[in-house]
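Asks: Predicted model and sequence below, questions to follow.
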Amino acid sequence: MNLASLRIITADIKRLVQFLENTTNFRAIWYTEDFAEITMGSSTLAIGSTRTLSFFGEGVAQPASNKSVIIEFRVDNVDLEFERIKNFVHDIVQEPTTMPWGNRSLLFRDPDGNLINFFTPVTAEAIQKLK
């Protein structure tokens, strides 16, 4: 089994896709006006508008209500990424900090309040774990 994608449901898909394109430096592919995907290597971040929920049933998901998931991106240099995004990301939760498990981490929120973590392994153990 392989994790194929992570999907975010949003009430403002254009705003969220633009934010994610800017923060990841990857372009989305729009399949309909209500569904886009950003593919990075073997990972895909899917973004669907609330209108896509009608296919799954009422009440199955609610936009801007995530309180338990952090979307994580391994980056080459978290400090450089912070410098690149800090002028347009308005909700920085944690500036680059080296965590006890050996990753340097930058935590921020997207416009819907979802937590995003950019991280770079910096200790020998963290680097080895992700090889």
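Replies: Perfect, I can see it now.

Asks: ok, and the helix or strand in the protein with the lowest average confidence?
Replies: helix 124-129 (a mean of 93; mean pLDDT, DSSP states H and E).

Asks: middle-most residue in this structure, spatially?
Replies: I71 (4.4 Å; C-alpha atoms, centre = their mean).

Asks: Was I right to think that residue contacts N117?
Replies: Yes - taking C-beta atoms under 8 Å as the definition, I71 is a contact partner of N117 at 7.1 Å. In short, each C-beta sits where N, CA and C put it, glycine included.

Asks: picking that back up, what pairs with the residue nearest to the centre of the chain across the strands?
Replies: Per DSSP bridges, the residues bridged to I71 are I116.

Asks: neighbours of W30, just the number please.
Replies: 14 (other C-beta atoms under 10 Å).

Asks: For the strand or helix carrying it, give me every contacting residue.
Replies: Using DSSP states H and E, W30 falls within strand 29-32. Here strand 29-32 makes contact (C-beta atoms under 8 Å, 6 or more residues apart in numbering) with 17, 36-39.
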